[in-house]
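Asker: need a structure here:
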Amino acid sequence: MNFHSSPTNLFYIILLFTFFSISCSKKTKEVPSSGISTYPHAVSIDFADIKERNELRVAVDYSATTYFLYKGQPLGFEYELLKRFAKNMGVDLKIVVQPSIKESFSKLQRGEVDLIAYPLAITPNRKEQVNFTKHYKTVRQMLIQKKPNGWRKINPYDMNKILIRNQVNLLGEKVHVLNSSSYIESLTSLEKQIGGEIDIIEDSATIETDELIKRVSTGQYKYTVADENLAQASSFYYPNIDFETPVSFPTRIAWAVRKTSPVLLDSLNINIGKVQKSGLLNILYKKYYQSSRNFKIVADEDYTSHQGKKGLSPYDDIIKSNAKRLNWDWLLLASMVMQESHFDPKAKSWVGAQGLLQLMPATATHFGINNREDPVQSLKGGTDYLISLEKRWISNMDDTTDLRDFVMASYNAGPGHIIDARALVTKYGGNRDRWNEVSKYLVLLSTKKYCKDPVVKLGYCRGEEPVNYVNNISQRYIIYKDLVN
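Answerer: Modelled structure (predicted):
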């Protein structure tokens, strides 16, 4: 075989050779840290503690594959797996967006998160600090470089002479890498293998791999490194990037938990095994890594959100003005609009509700709305109705701490069933002004014992629906606050 025409084979021969030889070159520069903060006394929080807390807290990065918000809807490969796991566990999912890998490890050991769901490379250094789940994919780390102008007209042979195909040619070159990433370790190892120095530049902790790839595509940076699958997804949007030159052997990718969380680890491994066996893992992989759609919408969409860079919908300004009338955080009202219509002004339910806030015909007429598909009218009418519900509840509550939960539930199911659930709470000695107590009895209104109780006026109610409605809006609101400031 002609190894000059097969750079990958040459690379692997160099790697194998270094296992049996020691480089005589000696590094004098300080290599950027790819490790994590050492926490000899990590907190002891495990599965039972998370169940009792009723919330799984997970650190993720914001990217076109892991986790992103599209038109108000959270999506992503890791996110969909996490959502499934939290559901199986019977707890709420709290996403903590943390662009810094190093800080994510610190948060894990301090107990601020229970799991790091970055696509993390399993390395010896990291294994000293954390336990890794069963790996769910294997990838190579690839050099990202920009193709020359007019690359579409250049034949592959000439292209290989222009681009770096022999890793030795990286000597002396600047390579920008993700902060505290395993890419640093890979490049440092490569330096030893090729007998010289690469100028490894650890970028800001707030910069994601997506952004580094973009900077190579635009010529701001000359080189970076990315996992092969992420590079492939990125190439749908940045076709002028090349990712054919490896800088590592295949690397196992997994999530990380504290060493003090063995039961959580076992549970995660069982769940990962199930999604692998069911085929769901492959389906999600194709959806997020082998399709151009997701990377393009994160890069292009006006309503893909991250830390205030962009908005949630074309109706943000109208939502904000109506939220002021309600004295609500506009993101809470936006979460409600998302729940009702997915920001689609033409949305129509099977029962005849229509518009951004899904007004029923009678409600629209009562508040003077004649075109429910008009975003301004729909939001005005829906907000007027919410204000009327707030006034009604305020006059009947001693403690208004959970007022908005009652308002949202009433918007979904009408106030009558909520009043019935409060009557049951009072009968059984609870606090009728606390939503967590009322919601339990609202669910029980679907059972004969409770819906036939003498204190119940409206009878049967599928109470799980308004309870889920409030929970979904509240959980999405938390996500929105993390991403849109």
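Asker: tell me the contacts of Phe47?
Answerer: 89, 261, 263-264, 267 (CB atoms under 8 Å, 6 or more residues apart in numbering). Where C-beta positions appear, they are placed from N, C-alpha and C, glycine not excepted.
Asker: Mind listing what's buried along the helix or strand encompassing Glu80?
Answerer: Assigned by DSSP states H and E, Glu80 falls within helix 77-89. Neighbour-count burial for helix 77-89, with 16 or more other CB atoms under 10 Å as criterion, is recorded at 77-82, 84-86, 89.
Asker: Could you list every helix and strand that it packs against?
Answerer: helix 47-53, strand 55-60, strand 92-97, strand 115-121, helix 262-278, helix 280-289 (3 or more CB pairs under 8 Å, 6 or more residues apart in numbering; DSSP states H and E).
Asker: how far out from the middle of the chain is the longest one?
Answerer: What that stands for is helix 262-278. A distance of 19 Å separates the centroid of the chain from that of helix 262-278, by CA atoms, centre = their mean, to the nearest Å.
Asker: what does that helix contact?
Answerer: For helix 262-278, using CB under 8 Å, 6+ apart, the contacting residues are 46-48, 50, 81, 84-85, 88-89, 114-115, 131, 133-134, 136, 255, 257, 281.
Asker: again, only using 7 Å
Answerer: Contact with helix 262-278 is made by 46-47, 50, 81, 85, 88-89, 114, 131, 133-134, 136, 255, 257, 281, as judged by CB atoms under 7 Å, 6 or more residues apart in numbering.
Asker: Spatially central residue for the chain, please.
Answerer: By CA atoms, centre = their mean, the chain has its centre lying nearest to Tyr67, at 2.8 Å.
Asker: what are the C-alpha coordinates of the helix or strand hosting Lys481, in CSV please?
Answerer: If you go by DSSP H and E, Lys481 is part of helix 464-483. Output of helix 464-483 as CSV, limited to C-alpha atoms (Å, rounded to 0.1, in the frame of the first residue of the first chain):
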residue,chain,number,x,y,z
GLU,A,464,-54.2,14.7,35.4
GLU,A,465,-54.5,17.0,32.3
PRO,A,466,-54.5,20.4,34.1
VAL,A,467,-51.9,19.1,36.5
ASN,A,468,-49.6,18.1,33.7
TYR,A,469,-50.5,21.4,31.9
VAL,A,470,-49.2,23.4,34.9
ASN,A,471,-46.1,21.2,35.4
ASN,A,472,-45.2,21.4,31.7
ILE,A,473,-45.5,25.2,31.6
SER,A,474,-43.5,25.6,34.9
GLN,A,475,-40.7,23.2,33.7
ARG,A,476,-40.4,25.0,30.4
TYR,A,477,-40.4,28.3,32.2
ILE,A,478,-37.3,27.2,34.1
ILE,A,479,-35.6,26.2,30.7
TYR,A,480,-36.5,29.6,29.2
LYS,A,481,-35.0,31.4,32.2
ASP,A,482,-31.8,29.5,31.8
LEU,A,483,-31.5,30.3,28.1
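Asker: Just the angle for it relative to helix 77-89, thanks.
Answerer: Calculated by axes from the mean of the first three to the mean of the last three CA atoms, to 10 degrees, helix 464-483 forms an angle of 140 degrees with helix 77-89.
Asker: for this structure, which spans come out with low pLDDT?
Answerer: The model of the chain has pLDDT under 70 over residues 1-40, 70-72, 291-310, 485.
Asker: Can you show me the strands along the chain?
Answerer: Shown for the chain, the strands assigned by DSSP state E span residues 55-60, 68-70, 73-75, 92-97, 115-121, 131-132, 137-139, 141-146, 174-177, 199-202, 223-227, 241-246, 251-257, 304-305.
Asker: what's the nearest residue to Ser182 if we skip its chain neighbours?
Answerer: Excluding the flanking residues, the one nearest Ser182 by CB to CB, 6 or more residues apart in numbering is Ala121, at 3.7 Å.
Asker: what sits opposite that neighbour in the beta ladder?
Answerer: In this entry, Ala121 is beta-bridged to Ile253, by DSSP bridges.
Asker: May I have the residues that are in contact with it?
Answerer: 182, 251, 253.
Asker: Name the nearest of those residues relative to Tyr428.
Answerer: Ranked by distance to Tyr428 (CB to CB), the contacts of Ala121 are led by Ile253 at 50.0 Å.
Asker: Is the closest one in contact with Lys134, as I believe?
Answerer: No - Ile253 sits out of contact with Lys134 when judged by CB atoms under 7 Å, with a separation of 10.7 Å.
Asker: Compare neighbour counts for these two and give me the winner.
Answerer: Ile253 (20 against 15; other CB atoms under 10 Å).
Asker: ok, the more buried one - contacts?
Answerer: When contacts are counted by CB under 7 Å, 6+ apart, Ile253 touches 119-121, 135-139.
Asker: Just the buried ones among those, please.
Answerer: Looks like those have 119-121, 136-137, 139 buried, using 16+ other CB under 10 Å.
Asker: hmm, which two among these are most spread apart?
Answerer: Ala121 and Tyr136 (12.5 Å).
Asker: circling back to that earlier point, would CSV of the contacts of Ile253 with distance to Met159 be doable?
Answerer: Formatted as CSV, the contacts of Ile253 follow (distance: CB to CB, whole Å):
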residue, distance to Met159
Pro119, 29
Leu120, 33
Ala121, 29
His135, 33
Tyr136, 33
Lys137, 28
Thr138, 27
Val139, 23
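Asker: which of these lies closest to Ser474?
Answerer: Pro119 (28.6 Å).
Asker: hang on, the earlier thing: out of the contacts of Phe47, which end up buried?
Answerer: Applying 16+ other CB under 10 Å to the contacts of Phe47 flags 89, 261, 264, 267 as buried.
Asker: Is Glu173 in contact with Ile198, as I believe?
Answerer: Yes - if you go by CB under 7 Å, Glu173 and Ile198 touch, sitting 6.2 Å apart.
Asker: Neighbour count: these two, which is higher?
Answerer: Ranked by neighbour count (other CB under 10 Å), Glu173 and Ile198 place Ile198 first, with 19 against 15.
Asker: quick one: that one and Lys127, what's the gap?
Answerer: 25 Å (CB to CB, to the nearest Å).
Asker: circling back to that earlier point, quick one, which of the strands of the chain gets closest to Leu444.
Answerer: Of these, nearest to Leu444 by CB to CB is strand 92-97, at 20.7 Å.
Asker: What strands flank that closest one, and is each parallel or antiparallel?
Answerer: In the sheet, strand 92-97 lines up with strand 55-60 (parallel) (DSSP bridges).
Asker: Now do the strand it pairs with: everything it contacts.
Answerer: 50, 66-67, 78, 82, 86, 89, 91-98, 104, 107-108, 112-118.
Asker: With that, I have no additional questions.
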